[in-house]
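Visitor: need a structure here:
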Amino acid sequence: MSQQNIHISKKLLSKTESLMLHGVGFVTGDPTIKLSYPFTFHPGMQVTVTEPGDSKWIYMMLPLNKGSLITDIRIAHHRIGLNSRISLIRLIEQREPISAVVVHNKKIEDSPPSTCIIHTGCSVIVRKSTLLKVCMNFSNTDEMIEIGSVEIRYIPSFVTLSGIDKNEMKISEENHFFTISESQKIEEVKPTLAELFSQKKRKTIF
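Guide: Now for the predicted structure:
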């Protein structure tokens with residue numbers, strides 16, 4: 001799993017914005033998971049299963065621009081059943097369709113109240129397509145988890161504003177300058193043909 005230690009100044013922190021999403025954005029390829037979209041009797045996205053299990057995954061694409069920094073994830077949810085719960089929140093980045101990299105992985109240790117907001121802080125720079133993955137546990141088919149709002153707090157254009165690009169460019173320019181300077185020194189030390197002829201002539205005279 002990719003880990004990132006990023007320093008965020010107060011000035012950049014003040015530029016934090018919130019991307020407000022909803023549970024209806026979640027999808028899954030698991031045939032044992034049933035997603036019930038909002039209706040008159042329930043405004044959230046209800047998740048139930050036809051087979052119990054502790055690895056029931058749902059996915060949501062995050063529409064964030066490249067270079068943004070994700071700092072916080074908040075998921076409002078309600079659950080029915082003592083043992084049903086959200087157990088893991090994960091961020092993955094993907095480019096090629098056959099592989100993906102985990103860039104954030106938060107295990108929910110405590111059993112939260114039946115209605116609450118699950119929160120996890122993180123420092124993830126958006127470099128590729130980013131997916132939010134949520135893992136749920138269900139002990140029986142009568143249990144249900146309903147998801148409402150999903151808030152993603154982030155700093156837009158963080159890479160540009162923080163000068164990460166500039167620092168990388170500066171290092172590249174310094175290395176290039178060092179290479180040129182060294183080659184110039186070599187050329188300065190190397191004598192010309194006229195100097196070599198003059199030195200040979202002086203040796204002949206003496």
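Visitor: residues near the residue lying closest to Val24 once chain neighbours are set aside, how many?
Guide: Excluding the flanking residues, the one nearest Val24 by Cβ to Cβ, 6 or more residues apart in numbering is Met45, at 5.3 Å. Placement of C-beta: from N, CA and C, glycine included. The tally of other residues near Met45 (other Cβ atoms under 10 Å) stands at 21.
Visitor: How about Ser55?
Guide: Residues near Ser55, counting by other Cβ under 10 Å, number 11.
Visitor: do the same with Leu35
Guide: 16.
Visitor: Tell me the helices and strands packed up against whichever strand or helix holds it.
Guide: Taking DSSP states H and E as the criterion, Leu35 maps to strand 33-36. Counting contacts by 3 or more Cβ pairs under 8 Å, 6 or more residues apart in numbering; DSSP states H and E, strand 33-36 packs against strand 45-49, strand 53-61.
Visitor: what are the pairing partners of that strand, and which direction each?
Guide: Strand pairing for strand 33-36, using DSSP bridges, gives strand 45-49 (antiparallel).
Visitor: Deepest-packed of the helices and strands packed on strand 33-36, please.
Guide: Ranked by mean neighbour count, the helices and strands packed on strand 33-36 are led by strand 45-49 with a mean of 22 (mean count of other Cβ atoms under 10 Å).
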